[in-house]
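Chemist: Pasting the sequence and the predicted model now:
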Amino acid sequence: MTYSSTLPSRLIIALVALLFSLPLPAAEAQPNLTNAIAQARAIIQKELAPKVPGVSVAVAIDGKVVWSEGFGYADLEAKKPVTTETKFRIGSISKSLTSVGFALMVERGQIDLDAPIQKYVPDFPDKGALITTRMLGGHLSGIRHYVGFENRRNQPYTNSHAALTIFQNDPLVAPPGTKYHYTTYGWTLLSAAMESALQQDFVSYMDKNVLQPLDLKHTRADQKGVVDPHCTKFYSDNLLGKFTTAPEVDSSYKWAGGGYLSTPEDLVRLGSALLQPGFLKASSLKLLFTPQKTSDGKPTNYGLGWSIGKDAEGHRIYWHTGGSTGGKSVLLLHPETKTVFALVSNHSTPTLPKKDWETITELFAPFYTAAKSTHTNATTKGRQFLVNLMDDELGLLPEFRNAKVYWLYHDNYLAAKVLNTSHPAVAKRIRDSITREGSTKSGKIEILFGESEQPLPFRQYQLTDVRRAGEKLIRTEIVTPTLMKGWEQYADLLLFASLAETNRTTARQHYDAALQLWDGQGFLDPAAKSSHRYATYKLALALIAHSRLSQAPELPAGLTDRLLSLQADSGGWITDYDATGKPIGFANVETTSLCILALEARPTPAGL
């Protein structure tokens, strides 16, 4: 039997519905994750699992893996079951993976999207027209795809450049830019350009710059000869339609376009990192997810490493499928609901009926929606709490209700940021008042917004009186030249450091160090030990840092629920709580502003 190397586009559009189509529950009802998983599992077990030796699936909602499960066998002969750590060939989803590494190079100015390919690969034959890396990534270069059984190639290549001999002297299928023509060889040429620009081999670059920072521990190049106990065996059908071992292949000619192994959990983590700016800049996400156009202006519905489409209800989706010898795969991103779905199998020709994709996709839709609604209600109340505190005489907010102290930094600076969109006039008045008082930046809280001029290393802070207005005292926090010692013991400063650090690996180390201080109830650092209370704002900082890191470890269980539980009836957030979760203190401006920012940075899906 002969099958396309990618699944039909109509199947993918059905996929979106797969995470989102059953009737929505009543407004007051909470979606039931257990039921959703049970229904999705039943579909896989009935419609797909019997048709392949092994299959594995995962779903993530807003960065959290909510379902991951293996079915069948990774090794039929040994009766070795598929687990969530079993690696499968992901075929052309390797293009989506490569697109992330390529986008990082564009961000860093290491490669030019629109330069002639000969700038990086001088010995690639001139085809009589301009071929660029942008064209290569969007299947507009005119370079051919596989012919016959070329995808079963079993010859080693030392690097991407060496593999160009397969196709570089063949004629183009169309003038560059004029026609969308799917081609894995185009990505081989793209990776050769990357290697040349970097002066580094492709696999090492991807390991260091994509796989390690995103914590994709179960993803690697499908390198022949590597002994990996977590890798599945690969299967196809024999002439009688029975499972048989797939032909042996060597993927070194197509690392970038079809040569990686992964798990569904890693794939949904990859997809989740691309649902918002963080790991990649907004401009890079636009590059990946904007359809390219042919020279006559027709959109191709393919960006750079990703197909772009809409589901049955008109919602935007990003996706890719993969087909390889002994493997099929799907990766689907639904940005509106921050849901990512991945499926891989160890057989060359698995399929799942369109109606089943639609049903599974729809099952998970309500969870993000419910969480978003809960958090929106909370942040709306929080903003109103801030607005109600406005002192019309000073144009500033007091530290808390009926307080006589007005902090420029952090309180009013934060409040102006939080209210800028919802209450722009109030935000402007606060900013004007800060300017009037002549306050300088504190150097720390601005880290949240990328506005700190010298965020690291941390320096000592000084609390300073600005002026008195009758019984009212205006104060601020300023930074001094003195370096701060021992800051690594404090959860809040570790989280600020993870937000300030430009090196992703170091940022992750700071974040991990902060989480080491979590004791199941809160961040138990020296400040908490001395006061015998936990600080609410540290919960907020953890949520914010988690969202910026994109692929940080999962948040401590119950952290978001604990934060939500500390909102007072007034709408503000209480400053502290004890080991039982009982609020201590009062609702103030700084804590409330940070909690609003945190809930809007990354809501935890409801029912999880």
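Modeler: Perfect, I can see it now. Numbering: from 1, shown residues only.

Chemist: what number of residues lie near Gly438?
Modeler: The number of residues packed near Gly438 is 10, by other Cβ atoms under 10 Å. C-beta coordinates here come from the backbone N, C-alpha and C atoms, glycine included.

Chemist: Now do the same for it: its pLDDT.
Modeler: pLDDT recorded at Gly438 is 87.

Chemist: what does Ser5 give?
Modeler: On the pLDDT scale, Ser5 gets 35.

Chemist: now the strands for the stretch 201-350 of the chain?
Modeler: Assigned by DSSP state E, counting those that start in this stretch, the strands in the stretch 201-350 of the chain fall at 220-221, 235-237, 243-245, 260-262, 307-310, 316-324, 327-334, 339-345.

Chemist: So which bits of the third one are buried?
Modeler: What it means is strand 243-245. Neighbour counts over strand 243-245 (16 or more other Cβ atoms under 10 Å) mark Phe243 as buried.

Chemist: Could you export the strands of the stretch 201-350 of the chain as JSON lines, including mean pLDDT and distance to Glu69?
Modeler: Below are these laid out as JSON lines (pLDDT from 0 to 100; distance: least, Cβ to Cβ, whole Å):
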{"stretch": "strand 220-221", "mean pLDDT": "96", "distance to Glu69": "22"}
{"stretch": "strand 235-237", "mean pLDDT": "91", "distance to Glu69": "20"}
{"stretch": "strand 243-245", "mean pLDDT": "93", "distance to Glu69": "21"}
{"stretch": "strand 260-262", "mean pLDDT": "97", "distance to Glu69": "16"}
{"stretch": "strand 307-310", "mean pLDDT": "90", "distance to Glu69": "26"}
{"stretch": "strand 316-324", "mean pLDDT": "91", "distance to Glu69": "20"}
{"stretch": "strand 327-334", "mean pLDDT": "91", "distance to Glu69": "15"}
{"stretch": "strand 339-345", "mean pLDDT": "92", "distance to Glu69": "11"}
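
Chemist: quick one: which of these is nearest Arg144?
Modeler: strand 316-324 (17.3 Å; Cβ to Cβ).

Chemist: Name every strand pairing with that closest one and say which way it goes.
Modeler: strand 307-310 (antiparallel), strand 327-334 (antiparallel) (DSSP bridges).

Chemist: Can you tell me which of those strands is nearest to Thr440?
Modeler: The nearest among the strands paired with strand 316-324, by Cβ to Cβ, is strand 327-334 at 42.8 Å.

Chemist: re earlier: comparing the strands paired with strand 316-324, which stretch has the densest surroundings?
Modeler: Highest mean neighbour count among those (mean count of other Cβ atoms under 10 Å): strand 327-334, with a mean of 28.

Chemist: the inter-axis angle of that strand versus strand 339-345?
Modeler: Angle between the axes of strand 327-334 and strand 339-345 is 180 degrees (criterion: axes from the mean of the first three to the mean of the last three Cα atoms, to 10 degrees).

Chemist: How far does strand 327-334 sit from its chain's centre?
Modeler: On the basis of Cα atoms, centre = their mean, to the nearest Å, strand 327-334 sits 15 Å off its chain's mean C-alpha point.

Chemist: For Thr300, give its distance to His320.
Modeler: Applying Cβ to Cβ, to the nearest Å, the value for Thr300 to His320 is 14 Å.

Chemist: Of the two, which one has the most company?
Modeler: Per other Cβ under 10 Å, whichever of Thr300 and His320 has more neighbours is His320, with 27 against 17.

Chemist: List the residues that contact the more buried one.
Modeler: Ser92, Ile93, Lys95, Ser96, Gly305, Trp306, Ser307, Val330, Leu331 (Cβ atoms under 8 Å, 6 or more residues apart in numbering).

Chemist: Ser252 reaches Val203, doesn't it?
Modeler: No: using Cβ atoms under 8 Å, Ser252 is not in contact with Val203, being 9.1 Å away.

Chemist: Just the pLDDT for the spatially most central residue of the chain.
Modeler: Per Cα atoms, centre = their mean, the C-alpha nearest to the average position across the chain is that of Ala273, at 1.1 Å. Looking at Ala273, its pLDDT reads 91.

Chemist: i'd like the first residue to be 373 from this point on
Modeler: Okay, residue one is now 373; in that scheme the one you just asked about reads as Ala645.

Chemist: mind checking the longest helix of the protein?
Modeler: Criterion DSSP state H: the longest helix present in the chain is helix 737-760.

Chemist: could you say what helices and strands the helix or strand following that helix packs with?
Modeler: Proceeding N to C from helix 737-760, the next assigned helix or strand is strand 777-779, under DSSP states H and E. For strand 777-779, the elements it packs on are strand 844-855, judged by 3 or more Cβ pairs under 8 Å, 6 or more residues apart in numbering; DSSP states H and E.

Chemist: What are the contacting residues of the helix or strand that the strand it packs on is followed by?
Modeler: Downstream of strand 844-855, the next assigned helix or strand under DSSP H and E is helix 863-872. Residues from elsewhere that reach helix 863-872, judged by Cβ under 8 Å, 6+ apart: 816, 819-820, 824, 827-828, 830, 856, 859-860, 879-880, 882-883, 885-886, 889-890, 895, 897, 899, 907, 909-910, 913-914, 916-917, 920-921.

Chemist: where exactly do the helices run in the stretch 373-522 of the chain?
Modeler: 381-392, 405-419, 465-479, 505-509 (DSSP state H, counting those that start in this stretch).

Chemist: One more: the stretch 823-972 of the chain?
Modeler: Using DSSP H, counting those that start in this stretch, helices in the stretch 823-972 of the chain cover 863-872, 876-887, 898-903, 908-921, 931-937, 961-973.

Chemist: Dump the ones you listed to JSON lines, plus distance to Thr711 and mean pLDDT.
Modeler: Shown next, in JSON lines, are the helices of the stretch 823-972 of the chain (distance: least, Cβ to Cβ, whole Å; pLDDT from 0 to 100):
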{"stretch": "helix 863-872", "distance to Thr711": "26", "mean pLDDT": "94"}
{"stretch": "helix 876-887", "distance to Thr711": "24", "mean pLDDT": "90"}
{"stretch": "helix 898-903", "distance to Thr711": "36", "mean pLDDT": "94"}
{"stretch": "helix 908-921", "distance to Thr711": "16", "mean pLDDT": "90"}
{"stretch": "helix 931-937", "distance to Thr711": "18", "mean pLDDT": "91"}
{"stretch": "helix 961-973", "distance to Thr711": "18", "mean pLDDT": "93"}
